[in-house]
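K.L.:
task: produce atomic coordinates for the following.
(chains A and B)
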Amino acid sequence: MSNEHGAPLLELKDVKTFFRVPGGLLKAVNGVSLTIHQGETVGLVGESGCGKSTLGKTVLRLIPPAGGQVLFDGRDIWQFSRAERKAYTRQVQMIFQDPYACLDPLSVIGDTVAEGMDIHRMHASREERGREILRLLNDVGLNASHANRFPHEFSGGQRQRVGIARALSMRPRLIVCDEPISALDVSIQAQVVNLLKRLQREMGLAYLFITHDLSMVRQISDRIAVMYLGNIVEIADSEDIYLSSRHPYTRALLSAIPIADPTVEKKRERIVLSGDVPSPVNLPQGCAFAGRCPQACARCRQTAPALREIAPGHRIACHLAQ
Amino acid sequence: MSDIILDVKHLVVTFDTYQGSVQAVRDVSFHVNRKETVGIVGESGCGKSVTIRTVMGLNPRSSGSVRGGQALFDGQDVLQLPEKEIRKLLGNRMSMIFQDPFTFLNPTMQVGRQITETYLRHHAVSRREAEEKALSILRLISLPNPEQNMKRYPHQLSGGMRQRIMIAMALICEPAVLFADEPTTALDVTIQAQIIDLMNSLKEKTETAIVLITHDMGVVANMVDRLYVMYAGKIVEQGDADAMFHRPRHPYTWGLLDSVPRLDERTKEELHSIPGMPPDLIAPPEGCPFAARCRYAMNLCVRRAPDTIPLREEGHAAACWLCHPEYVRQYGETTREGRPNVK
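P.N.:
I've put the predicted structure just below:
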């Protein structure tokens, strides 16, 4: 499953991303360390406002971190030379949540897919450009006739395929997928997840798969990191998260997902968390989850737990779990 | 007093657009019993929201889009009622909660006033009495600190609290039917769990029947008594929750159940997906609308749409040729696992 040997493709070391807002400092990402290896998928899961998208943008070099380092192939992405920066923008791509908003309504799909290639001058002739567009469209399950159509002529699932083709056009090594399936219908979600898995097998891509949907992320991830208020609270191999999660937040998240079977649902014991996610501005001291945690004790409210290993590859940030 | 509070018969809704007529709802019939919770499940564009809006009289016959059918609420056809009469029903005997509470609430008005507004409109009571009533509803739906929160504006409340305010507005007149259109889709999973728990508790505490519209089979699983599955403007399968989840018979229902990974099962290498996409309702196919995506489709399916065929269990029915008695007699019953004799 997880590919721990070899140097990581991407390494985050204690990354902090803060925003200055009226009333204080919004600590969107508050000290996250994470590695992604070649060909691996890491799922980043959390509720809205937990900082998962900000972390994705930090990886993409769109937001400078307030602290810590983002290393790609062992090099700090903020120490890059001009040429390295250009290479980085090619090797790391992104797929967005809303497949309509991220396509230019005035450009035909072929041009949208080729835009990156044009910028990086990746093709020698017009013919080669055309061939490459067709190859990419075929890869994502579209065909030649789609190249001359506009985004509004496509369904949501097809638009997401266009977004994937555009990302692939750069021959990336890492794709940051920010909620790539949340806007799609269930039957289409499965199509897109299967497509992403196939492309990964064929091209050895690594994915950082950001989502709030714990049921779909399991299908695609080798490892899963659960985020709460800017921190990773649990990280483990995908199956370990589902079968032996130890952090009370992860367990509450899992138990909150409804199962499409009334008999199972009636028997299930659910942990329903009270209250909402607190504001990430001026966080209280101690564990960020303590306010909603059914097991919180005095120690939790005083000192924030550090991420520690409880089993090989399984790390959690909680005082109480063994 | 009849047991059926809402009886929709052969509803047809068509919208004229520049591209042509969109046949959004094509002969839909369903009913809701008093105090019952009914789910209508389908993907975007299947006509589930249009159906509900039409039943609420928001899409009156005079608009021309309702081309046929009846929607009997307590024996009265809502589609024939003048707007004045509909206004007496809405928010009072029938009410609705929506997906996004923030766009629904008035941003310039304290939420307490928004809740009492509904009550004052339908009852001859003083503001003081309406406020008392609002407080009792807010306690019923367990909103923390109801007195203080009533004085707040929508932007000062969290998503889950706003959803509770909307539910309070819908329930304050103790309606006979509450329509909930994707009530949890915009919420985080932990908040979704809170709202599902709340709605389940309301079933016991109130006399209100709930019609839950969603695309998520998981959300309906632990809420509904009966379920309708809609596809391309038609109801393709209906039945008790038990039958629908454990012995579904329509290939589209199988597809919906299979494409959601289950947390209580191990992961599969390939997730089941339904190939293709729903048909264009400007020119819906002549035969079964699902035939193009169905792996069991026969020649007949493409040519002729199946009628709704009643199945063994009371109330369970599916619009699929595989369920036709002649087909079953000849080839046996097709189940979610596959056809018995066809490899």
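
K.L.:
for the rest of this, base every contact and every neighbour count on C-alpha atoms.
P.N.:
OK.

K.L.:
tell me the contacts of residue B:83?
P.N.:
Residue B:83 makes no contacts at all, as judged by Cα atoms under 8 Å, 6 or more residues apart in numbering or on different chains.

K.L.:
pLDDT at it, what is it?
P.N.:
Residue B:83 is assigned a pLDDT of 87 by the prediction.

K.L.:
also the one 10 residues further on?
P.N.:
Looking at residue B:93, its pLDDT stands at 95.

K.L.:
what about it, neighbour count?
P.N.:
20 (other Cα atoms under 10 Å in any protein chain shown).

K.L.:
that one and residue B:122, how far apart?
P.N.:
10 Å (Cα to Cα, to the nearest Å).

K.L.:
between the two, what contacts are shared?
P.N.:
residue B:173.

K.L.:
stretch B:35-51: end-to-end distance?
P.N.:
From its first residue to its last, stretch B:35-51 covers 20 Å (Cα to Cα).

K.L.:
next: stretch B:52-68.
P.N.:
15 Å.

K.L.:
quick one: mean pLDDT over that stretch.
P.N.:
84.

K.L.:
which residues in the stretch 51-200 of chain B form helices?
P.N.:
If DSSP state H, counting those that start in this stretch is used as the criterion, the helices of the stretch 51-200 of chain B fall at B:83-89, B:101-104, B:111-122, B:127-140, B:146-150, B:159-171, B:189-205.

K.L.:
can you get me a residue count around the residue of the stretch 151-300 of chain B found nearest chain A?
P.N.:
Residue nearest to chain A within the stretch 151-300 of chain B: residue B:218 (4.0 Å; Cα to the nearest Cα). Number of residues near residue B:218 (other Cα under 10 Å) recorded here: 19.

K.L.:
next up, the contacts around it.
P.N.:
Going by Cα under 8 Å, 6+ apart, residue B:218 touches A:257-261.

K.L.:
distance to residue B:42 and neighbour count added to the residues you listed, as CSV?
P.N.:
Converted to CSV, these look like this (distance: Cα to Cα, whole Å; neighbours: other Cα atoms under 10 Å in any protein chain shown):
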residue, distance to residue B:42, neighbour count
A:257, 19, 20
A:258, 17, 26
A:259, 17, 24
A:260, 14, 24
A:261, 17, 21
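
K.L.:
just the residues you listed that are near chain B?
P.N.:
Filtering the contacts of residue B:218 for proximity to chain B by Cα under 8 Å from any Cα of the partner chain leaves A:257-261.

K.L.:
identify the farthest-apart pair in those residues.
P.N.:
A:257 and A:261 (11.9 Å; Cα to Cα).

K.L.:
ok, now which ones touch the residue lying closest to the residue of the stretch 151-300 of chain B closest to chain A once chain neighbours are set aside?
P.N.:
Computed as Cα to Cα, 6 or more residues apart in numbering or on different chains, the closest residue to residue B:218 that is not its neighbour in sequence is residue A:260, at 4.0 Å. Contacts for residue A:260 (Cα under 8 Å, 6+ apart) come out as B:217-221, B:245, B:257, B:262.

K.L.:
ok, so what distance separates the residue in chain A positioned nearest to chain B from residue B:213?
P.N.:
Nearest residue of chain A to chain B: residue A:260, at 4.0 Å (Cα to the nearest Cα). Separation of residue A:260 from residue B:213 (Cα to Cα): 15 Å.

K.L.:
tell me the buried residues in the helix or strand bottoming out on mean pLDDT in chain B?
P.N.:
Lowest by mean pLDDT, DSSP states H and E among the helices and strands of chain B is helix B:101-104, with a mean of 85. For helix B:101-104, burial by neighbour count (16 or more other Cα atoms under 10 Å in any protein chain shown) applies to B:101-102.

K.L.:
so which bits of the strand or helix carrying residue A:17 are buried?
P.N.:
Using DSSP states H and E, the element containing residue A:17 is strand A:10-21. For strand A:10-21, burial by neighbour count (16+ other Cα under 10 Å) applies to A:10-18.

K.L.:
so what touches stretch B:86-93?
P.N.:
Counting by Cα under 8 Å, 6+ apart, B:56-57, B:78, B:118-119, B:122, B:169-170, B:173-177 sit against stretch B:86-93.
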